[in-house]
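In: This is the structure alone, sequence omitted:
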């Protein structure tokens, strides 16, 4: 780890109108994440939103994730569709960035790494929908880039509860500290 990467950032990933509820997450999770975002802002920690948005007629992962298919005109994650907007219950504040990604990981097809370098970020606090999608892919990519990682256990959701628990209890602790939002907020004052 280089000494210049001393800051941390909170990443709120795929918390979009068409994603929350459909692929996991609910109003209670968004309320908890709003508290995490407020605490981050109070401690001068950048809050960065990550959104999956696709261009019409360009390729996107297919439903089963095994190959790629053209984005249909009615896709809720089409960049011109309101479904790709950040959910209004967790919307960015003025001046906060939304990084657009084109695949599963927050780093894939985005300028996230450049944003993080510009902000001197060396620790990522991860949350989002889904645990087995964007969170897992981002943990793996970020670990390979030598970021220190925290995963907010109650700030992630997945349609498959068993997979969600396995990732939080057995997989993520190999590369990240797994904390509840309340414990993470408490750690900011210690």
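Out: That came through, no problem. Quick caveat: nothing in here was measured; it's all calculated off a predicted structure.

In: Please identify the buried residues of the helix ranked longest in the chain?
Out: Counting residues, the longest helix found in the chain (DSSP state H) is helix 27-42. Within helix 27-42, the residues that count as buried by 16 or more other CB atoms under 10 Å are 29-30, 32-33, 36-37, 39-40. Every residue, glycine included, has its C-beta placed from N, CA and C.

In: Give me the mean pLDDT for stretch 93-108.
Out: If you average the pLDDT over stretch 93-108, you get 93.

In: Which residues belonging to that stretch are considered buried?
Out: Within stretch 93-108, the residues scored as buried using 16+ other CB under 10 Å are 99-107.

In: C-terminal to the longest helix of the chain, what's the next element?
Out: Per DSSP states H and E, the first helix or strand lying C-terminal to helix 27-42 is strand 47-52.

In: quick one: that following strand to chain centroid distance?
Out: 6 Å (CA atoms, centre = their mean, to the nearest Å).

In: what does stretch 39-47 rub up against?
Out: Residues outside stretch 39-47 that contact it (CB atoms under 8 Å, 6 or more residues apart in numbering): 7-10, 12, 37, 92-93, 96-97, 119, 121, 125, 184-185, 188.

In: Oops, could you answer that again for stretch 91-110 instead?
Out: 11, 13, 41, 46-54, 60-61, 65, 79, 86, 111-113, 115, 133-134, 137-138, 140-142, 145.

In: Mark which of these are buried, thanks.
Out: 11, 13, 46-54, 60-61, 79, 86, 112-113, 133-134, 137-138, 141-142.
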